[in-house]
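*Asks:* Structure, please.
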Amino acid sequence: MRFDLGPALLFCPADRPDRFAKAAERSDAVILDLEDAVAPRDKAAAREALVASRLDPASTIVRVNAVHSGCFADDLAALARTDYRRVMLAKTESAEQVCLLDGWDVIALCETAAGIAEVASIAAESSVVAVMWGAEDLVASLGGTSSRQEDGSYRAIASYARSSMLLAAGAAGKAAIDSVYLNIPDLNGLALEARDARASGFAATACIHPTQVGVIRDAYRPTQEEVAFATALLAAAVLAEPWAIDGPGRANTVVIEQLGLLTKGGAEGVIVMGAADGTAVALKMLDGSARATSLVALQLLASVGAISVEDADRVGTLTTEKVLGGGLPVGVIRVSKLVRGE
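*Replies:* Predicted coordinates for the structure are as follows:
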């Protein structure tokens with residue numbers, strides 16, 4: 001199962017059921033936290049609140065305590081009494097620990113030296129759908145005191161861990177989630193970091209306060225200038241070489257980058273690609289309220305002279321996995337032929 005949540009994932013203490021609904025409403029996904037956000041004396045109550053909750057399982061993640069915390073078994077027992085299927089394992093340190101969560105979709109939170117050292121094998125586990133890192137716990141595991149310099153930038157060790165996690169996730173074909181930004185009032189700093197995360201390839205950023213959600217969403221959303229450039233580039237690619245965009249092994253790297261910018265940002269509009277078998281693939285870009293239609297896709301293809309639309313026939317839907325390994329829905333339109341534009 002692919003990880004399709006984000007870009008703003010909001011932590012919520014599991015012992016505060018009064019906040020559950022609001023957190024879910026204000027974010028792209030809520031992380032009900034049984035670990036750091038809950039004091040030891042309140043763990044049992046938090047588990048009962050989790051069991052009693054009725055949030056949408058499709059947009060809910062549950063963070064459980066680390067395997068060797070003494071709380072892990074009780075957390076799993078409570079989780080098993082719910083419909084929630086996505087679980088974030090705090091302080092993941094090995095693939096063997098991930099295997100203890102058989103039956104759940106796992107977000108592996110690597111936030112210790114041991115976890116970062118094993119992040120490649122962790123990310124490769126089949127049940128892992130996403131990997132996240134944590135800066136402060138990582139530095140604490142090394143005996144350090146802070147993950148950031150005085151100017152707010154990450155220390156070298158934190159940057160190394162962030163990059164290592166991102167590379168491991170990418171190599172395993174899993175989503176990467178960036179760490180929380182703890183300085184809540186510093187929304188400008190958050191914006192800079194979230195924009196860097198999007199540009200670097202992260203799928204989402206976790207946060208700890210509702211005011212951070214909008215900043216993260218804006219950071220992951222392409223600018224109008226970026227959308228205009230990507231749209232023009234892809235239209236030109238179809239016009240010049242309709243069959244050139246035919247999968248990650250054969251597509252032009254620049255084209256893939258621009259397509260990724262649009263799909264990850266949920267930009268409005270339709271971007272089309274031509275395939276060698278005569279099928280025109282039109283991505284439906286989702287902005288939360290609108291979806292492009294097959295008619296729009298056909299009109300756009302025709303407008304750049306990339307296709308002849310006689311006898312066009314809608315043949316169903318599939319995912320972009322067959323094209324670029326993504327997970328957004330697309331429309332597939334069968335056309336009589338693909339032709340070069342004059």
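*Asks:* where exactly do the helices run in the chain?
*Replies:* 20-26, 43-52, 72-79, 95-99, 113-117, 119-123, 135-141, 156-172, 187-200, 211-220, 224-240, 253-265, 294-303 (DSSP state H).
*Asks:* winner for burial among the ones you listed?
*Replies:* Among the helices of the chain, helix 119-123 has the highest mean neighbour count (mean count of other CB atoms under 10 Å), at a mean of 22. Using the backbone N, CA and C atoms, a C-beta is placed for each residue, glycine as well.
*Asks:* Give me the contact list for it.
*Replies:* 92, 94-95, 98, 108, 110, 115, 128, 131, 133, 164-165, 168-169, 171-172, 174 (CB atoms under 8 Å, 6 or more residues apart in numbering).
*Asks:* Now with 10 Å, please.
*Replies:* 89, 92-98, 106, 108-110, 115-116, 128, 130-131, 133, 161, 164-176 (CB atoms under 10 Å, 6 or more residues apart in numbering).
*Asks:* among the helices of the chain, which gets the worst mean confidence?
*Replies:* For the helices of the chain, the bottom mean pLDDT is recorded on helix 294-303, which sits at a mean of 44.
*Asks:* For stretch 19-32, measure first residue to last.
*Replies:* Stretch 19-32 has an end-to-end distance of 10 Å (CA to CA, to the nearest Å).
*Asks:* now do stretch 75-89
*Replies:* Start-to-end, stretch 75-89 (CA to CA) is 11 Å.
*Asks:* One more: stretch 62-77?
*Replies:* 13 Å.
*Asks:* mind putting the helices of the chain in CSV, distance to residue 12 included?
*Replies:* Output for these, formatted as CSV (distance: least, CB to CB, whole Å):
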stretch, distance to residue 12
helix 20-26, 4
helix 43-52, 11
helix 72-79, 16
helix 95-99, 24
helix 113-117, 23
helix 119-123, 25
helix 135-141, 19
helix 156-172, 23
helix 187-200, 18
helix 211-220, 12
helix 224-240, 32
helix 253-265, 25
helix 294-303, 38
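*Asks:* Contacts only, for residue 64.
*Replies:* 14, 32-35, 47, 50, 71-76, 78-79, 87-90, 101, 104, 109.
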